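Novice: predicted model and sequence follow; I will ask about them next.
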Number of protein chains: 2
Amino acid sequence: MLDGVLGPGARIVEEQAAAELGVSRHTLRAAMRQLVSDGLLRHEPHRGVHVPILTAEDITDVFRIRALLEHEAMRDVASRAYCPPDAVAALAALESLGDDAGWHEVVEYDRAFHRALIDAAGSVRISRTYAATEAEIVFCLVQLRPHYDRPVEVAREHRELLEPVAAGDVRKAQRLLDVHLRDAERNLLGSLPGVRAGSVSPDSTT
Amino acid sequence: MLDGVLGPGARIVEEQAAAELGVSRHTLRAAMRQLVSDGLLRHEPHRGVHVPILTAEDITDVFRIRALLEHEAMRDVASRAYCPPDAVAALAALESLGDDAGWHEVVEYDRAFHRALIDAAGSVRISRTYAATEAEIVFCLVQLRPHYDRPVEVAREHRELLEPVAAGDVRKAQRLLDVHLRDAERNLLGSLPGVRAGSVSPDSTT
DNA sequence: CGAACAAGATTGTGCAACAATCCTGTTGTG
DNA sequence: CACAACAGGATTGTTGCACAATCTTGTTCG
């Protein structure tokens, strides 16, 4: 629905958006309610909904709960030395990607890999929470368009991540996951503009 | 909205419920969507929403993510030796309760205590996730009405929990929290009826 | 120049209606 | 009698229009 076509901070006007999407206002409101509860939109009473502007704190916070969930899943999976088939498939897809692969493809398989790990933990509530977090993660990616490594690099890193899982080496798996997530967070924070154009608060020099 | 008046498994018919609450179907659907996203109701397309029936797996799952969130918050708070004022207040309220205090009051302050700990971790997403989990926890409590200790017992346990937090003893705080949560889970699982009356599946002896 | 005010825009909610889908009881057939 | 097809009612999903509540904006007046 808003895979990049709506800039951060953009306001969504119900009637206009409903007409654009060819649905009723009620239906649109229902859909937006869903997105608001997923954290993809912000809602203020009588002031409409708008695309949130990500701050460094937001990114840090997203990665905090992401790390929490993934570490739990990793501990669970690695302690059983269970290698999720979906993760293997995603890894294979990642490795088959050439250097000319699009950014979108890499992100897609990267997501699939991590999601496979999460789902393998066998908790519907962890999966559900991660789904919401994942939505915010791709939201970060869409807004920030960070630097990303060549597919072969990404694939190598994930293969290294999957190795100790299959071997049942919990400690090593956790350590690698920690590095992996910290790298991703740093990558995102690095591409965060210091001040977004047009939104400087002119309070001090009135 | 459904603090016990709606039994587990009960189906909610939109028109009827809307009339009862004196609101429009749209407003009711919006409210139910919210509750569904919070896990308090289940929704199946074209088949309406109904109050979920809790299984042992559900309780285990709820407590799994609850433990995850609380341990993270506990680690954060205890490592700073920070004693959340709201938790202290909740504890004081808990200690002022006599043995004749109602079940509802005890639960209320118990919730406030744990929520204070979570909020003190300073992550809006962790707080948000915990809010959803908390909703399911009280849902468990409402459905199962488990045995609960005398208020003075509950207060003592929470005071013991808060002590190492203030002292900055992360390890001890985590250990006590672990015991606390396992006890609560066991308590709930114990009060889970083996087979709920009226919903036995008559598949085997047709 | 700033505050009160009015007009317009937008959201929040309601009512009535209809298509799509599900559930249930009936009917016809072997 | 058992069973499948079918028709009817019930319920959900969506739509359109309407109006009150609230916010925003531009204007006027002191």
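Specialist: Great, that's in hand.
Novice: buried stuff in stretch A:59-67?
Specialist: A:I59, A:D61, A:V62, A:F63, A:R64, A:I65, A:R66, A:A67 (16 or more other Cβ atoms under 10 Å in any protein chain shown). C-beta: built from backbone N, CA, C; applies to glycine.
Novice: for stretch A:77-95, same thing?
Specialist: A:V77, A:A78, A:Y82, A:C83, A:P84, A:A87, A:A90, A:L91, A:A93, A:L94.
Novice: which two of these have the greatest separation?
Specialist: A:A78 and A:A93 (22.0 Å; Cβ to Cβ).
Novice: quick one: the helix or strand bottoming out on mean pLDDT in chain A to helix B:124-144, angle?
Specialist: Using mean pLDDT, DSSP states H and E, the weakest-scoring helix or strand in chain A turns out to be helix A:124-144, at a mean of 89. Between helix A:124-144 and helix B:124-144, the angle comes out at 160 degrees (axes from the mean of the first three to the mean of the last three Cα atoms, to 10 degrees).
Novice: pLDDT of whichever helix or strand comes after helix A:124-144, averaged?
Specialist: Using DSSP states H and E, the helix or strand that follows helix A:124-144 in sequence is helix A:151-167. Across helix A:151-167, the average pLDDT comes to 94.
Novice: in helix A:151-167, what counts as buried?
Specialist: A:P151, A:V154, A:A155, A:E157, A:H158, A:L161, A:L162, A:P164, A:V165, A:A166.
Novice: reformat the residues you listed as a markdown table; add distance to A:E136.
Specialist: Listed next are these as a markdown table, based on distance: Cβ to Cβ, whole Å:
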| residue | distance to A:E136 |
| --- | --- |
| A:P151 | 24 |
| A:V154 | 20 |
| A:A155 | 25 |
| A:E157 | 22 |
| A:H158 | 21 |
| A:L161 | 22 |
| A:L162 | 25 |
| A:P164 | 28 |
| A:V165 | 25 |
| A:A166 | 30 |
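Novice: so which of the residues you listed is the closest to A:A173?
Specialist: A:P164 (4.1 Å).
Novice: that closest one against A:V77, yeah?
Specialist: No - assessed by Cβ atoms under 8 Å, A:P164 is found out of contact with A:V77, at 10.5 Å.
Novice: show me what the least confident helix or strand of chain A is packed up against.
Specialist: If you count contacts as 3 or more Cβ pairs under 8 Å, 6 or more residues apart in numbering or on different chains; DSSP states H and E, helix A:124-144 packs onto helix A:56-79, helix A:103-120, helix A:170-190, helix B:56-79, helix B:124-144.
Novice: the ones you listed: which one's closest to B:V179?
Specialist: helix B:56-79 (11.1 Å).
Novice: so which residues make contact with stretch A:101-114?
Specialist: A:70, A:86-87, A:89-91, A:93-94, A:97, A:134, A:137-138, A:141, A:145, A:148, A:151, A:154, A:158 (Cβ atoms under 8 Å, 6 or more residues apart in numbering or on different chains).
Novice: from the buried residues of stretch A:59-67, pick the one nearest A:A18.
Specialist: Using Cβ to Cβ, those come closest to A:A18 at A:V62, 29.7 Å.
Novice: export stretch A:26-37 as PDB, just CAs?
Specialist: Extracted as PDB, the C-alpha positions of stretch A:26-37 are listed here (Å, rounded to 0.1, in the frame of the first residue of the first chain):
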ATOM      1  CA  HIS A  26     -15.200   2.900   5.800                       C
ATOM      2  CA  THR A  27     -13.100   0.200   4.200                       C
ATOM      3  CA  LEU A  28     -10.200   2.600   4.000                       C
ATOM      4  CA  ARG A  29     -10.500   3.500   7.700                       C
ATOM      5  CA  ALA A  30     -10.600  -0.200   8.600                       C
ATOM      6  CA  ALA A  31      -7.400  -0.800   6.600                       C
ATOM      7  CA  MET A  32      -5.700   2.200   8.200                       C
ATOM      8  CA  ARG A  33      -6.700   1.100  11.600                       C
ATOM      9  CA  GLN A  34      -4.900  -2.200  10.900                       C
ATOM     10  CA  LEU A  35      -1.800  -0.400   9.700                       C
ATOM     11  CA  VAL A  36      -1.900   1.900  12.800                       C
ATOM     12  CA  SER A  37      -2.000  -1.100  15.100                       C
END
